[in-house]
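J.: here is a sequence with its predicted model. Questions after.
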Amino acid sequence: MNDRIKDLLQKNPSDEIVTAEGWVRTKRDSKNVCFLELNDGSCLKGLQIVIDKAALNNNNLLSKITTGSSIVAHGPIVKSAGGNQAVEMQSSDLTILGEAGNEYPLQKKRHSIEYLREIGHLRARTNLIGAVMRVRNTLAFGVHEFFQQNGFVYVNTPLISTSDCEGAGEMFQVTTLDLNNVPKTEDGGVDYSKDFFGKMANLTVSGQLEGETYAMALKNIYTFGPTFRAENSNTKRHLAEFWMIEPEMAFCDLQLDMEIAEDFLKFLFKKVLNECKEDMEFFSKFVEKGVKETLELVVNTPFAHMTYTEAIDVLTKNNDNFEYPVEWGSDLQTEHERYLTEVYCKSPVIVTDYPKEIKAFYMKLNEDKKTVRGMDVLVPRLGEIIGGSERESDLETLKARMKELDLNEEDYWWYLDLRRFGTVAHAGFGLGFERIVQYVTGVQNIRDVIPYPRTVGNAEF
């Protein structure tokens, strides 16, 4: 393979003939010389190609090269005469692979992020989306690196499921039934026995429950894959299709769960700060000032800890300052979470022991029978970034919780079997991957940190 442009920019000047491949970002023409900026997505900065027109065999070639054209250039890397780059390429050997023409929609000007979503097939050629995708790549690799280094097994949980992990019912249905002629039962309901799976099936909202079954055999596992929510929310924080990271650990309680979550975040942020320096400088300068310093704070500061009850005590004293006043039993809003991290603790915070009424059925009940061993990791500038818990390991307690929430035991028979056959304390957490990419980059809308966003009314491309 030929060198990427990020590698060519690090080369020392020499007579060696090298090859540069990429897309033209800019073209500047003068009487005797033409300057092209070539970028291949490997870094923010492009490689300047300096073309001596007198040495070029085909002068008509340059007239065909426009912004967006794909070219291959051969020549030596030399010391740059200009002040904007240390080195550049001198070339008289050019090949156009694909012309772009004047109708190319990414000309040299600042385009709005809304416009870029309309050309999702081309927006990765911009500085912003290119930088986001490089950081996303680094984070994805870091996810596997962290868990593999710590003895976790990567498990692929199903995308098609017949159980609702969150119990919210906001799921995309999967069916092969003819929607123009749906088979019915005697009582007028849909006859799912005629469907492909013989029962109602949906796209998964979480791989947690299936992940727990493998943790009960392999001890420590993690999932990292797409999940789906049919939630009719048209906000900057919601997607219908997104990726989730979900570790599950057997022989693990809430305390160890919190320690692993903290170590995980610090590992990922440190990796991005070390390996994506150019992109992080770009985000701090052009996207959100201080984003780099926020990551450094998370990496270098021990996380504070408080119970939900303690957090409510702090927040109720400041209810006059909130749009949504709180009381015991309320779910925390983003404004409350940011107050705890940015004003009260001035550090990341892990809040534990939430009321059972606002948490999922699988969280372990505390001795007070009112709260569960759940935890949310809150970070400055965002609020909640991780949600997790110790899972209920007692069969009868779990069955009682399911009955309270009108969940059918028959739908979860296999999940209850884990408590029948060799149950142990176990815990885990979930982290929305796009949420963490948003946090690291400072990008405000979650639609701009995933290659092709799926949202209400939008499945373009």
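T.: Thanks, I have it.
J.: how many neighbours does the residue lying closest to Phe242 once chain neighbours are set aside have?
T.: Distances taken as CB to CB, 6 or more residues apart in numbering place Glu434 nearest to Phe242, at 5.0 Å, with adjacent residues excluded. Yep, even glycine has a C-beta here, placed from its N, CA and C like the rest. When neighbours are counted by other CB atoms under 10 Å, Glu434 registers 22.
J.: packing partners of the one helix or strand Glu434 maps to?
T.: Remark: Glu434 resides in helix 433-441, with elements defined by DSSP states H and E. Here helix 433-441 touches helix 127-149, strand 241-250, helix 254-275, helix 291-300, strand 383-391, going by 3 or more CB pairs under 8 Å, 6 or more residues apart in numbering; DSSP states H and E.
J.: after the longest one, next one along is what?
T.: If you walk from helix 127-149 toward the C-terminus, the next helix or strand you reach (DSSP H and E) is strand 153-154.
J.: list the strands paired with the next helix or strand after that following strand, with their directions.
T.: Using DSSP H and E, the next helix or strand after strand 153-154 towards the C-terminus is strand 160-161. Using DSSP bridges, the strands paired with strand 160-161 are strand 201-203 (antiparallel).
J.: tell me the mean pLDDT for the strand it pairs with?
T.: Average pLDDT, strand 201-203: 95.
J.: starting at the chain centroid, how far to it?
T.: 22 Å (CA atoms, centre = their mean, to the nearest Å).
J.: in contact with the residue nearest to Val326 when sequence neighbours are not counted: list those residues for me.
T.: Excluding the flanking residues, the one nearest Val326 by CB to CB, 6+ apart is Leu315, at 4.9 Å. By CB atoms under 8 Å, 6 or more residues apart in numbering, the contact set of Leu315 is 322, 326, 332, 336, 339-340.
J.: in the lowest-mean-pLDDT helix or strand in the chain, what counts as buried?
T.: Within the chain, no helix or strand scores below helix 60-64, which has a mean of 90 by mean pLDDT, DSSP states H and E. Buried positions in helix 60-64, judged by neighbour count with 16 or more other CB atoms under 10 Å: Leu62.
J.: just give the closest residue to Thr162, not the sequence neighbours.
T.: Leaving aside its sequence neighbours, Thr162 sits nearest to Ala201 (CB to CB, 6+ apart; 5.4 Å).
J.: hmm, the one you found is touching Ile160, no?
T.: Yes - at 5.5 Å, Ala201 and Ile160 qualify as touching, with contact defined as CB atoms under 8 Å.
J.: buried stuff in the longest strand belonging to the chain?
T.: Secondary structure of the chain read by DSSP state E shows that its longest strand is strand 17-29. Residues of strand 17-29 classed as buried: 18, 20-25, 27 (neighbour count, 16+ other CB under 10 Å).
J.: can you name every helix or strand that that strand contacts?
T.: Strand 17-29 packs on helix 5-8, strand 33-39, strand 47-52, strand 70-79, going by 3+ CB pairs under 8 Å, 6+ apart.
J.: one step back: and the two most separated of the buried residues of strand 17-29?
T.: The span of the buried residues of strand 17-29, defined through CB to CB, is set by Val18 and Lys27 at 20.9 Å.
J.: may I have the helix holding Glu434 as PDB, with CA atoms only?
T.: Output of helix 433-441 as PDB, limited to C-alpha atoms (Å, rounded to 0.1, in the frame of the first residue of the first chain):
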ATOM      1  CA  PHE A 433     -21.300   4.800  21.900                       C
ATOM      2  CA  GLU A 434     -22.500   7.900  20.000                       C
ATOM      3  CA  ARG A 435     -23.000   9.600  23.300                       C
ATOM      4  CA  ILE A 436     -19.400   9.200  24.100                       C
ATOM      5  CA  VAL A 437     -18.300  10.300  20.700                       C
ATOM      6  CA  GLN A 438     -20.400  13.400  21.100                       C
ATOM      7  CA  TYR A 439     -18.800  14.100  24.500                       C
ATOM      8  CA  VAL A 440     -15.200  13.700  23.300                       C
ATOM      9  CA  THR A 441     -15.700  15.800  20.200                       C
END
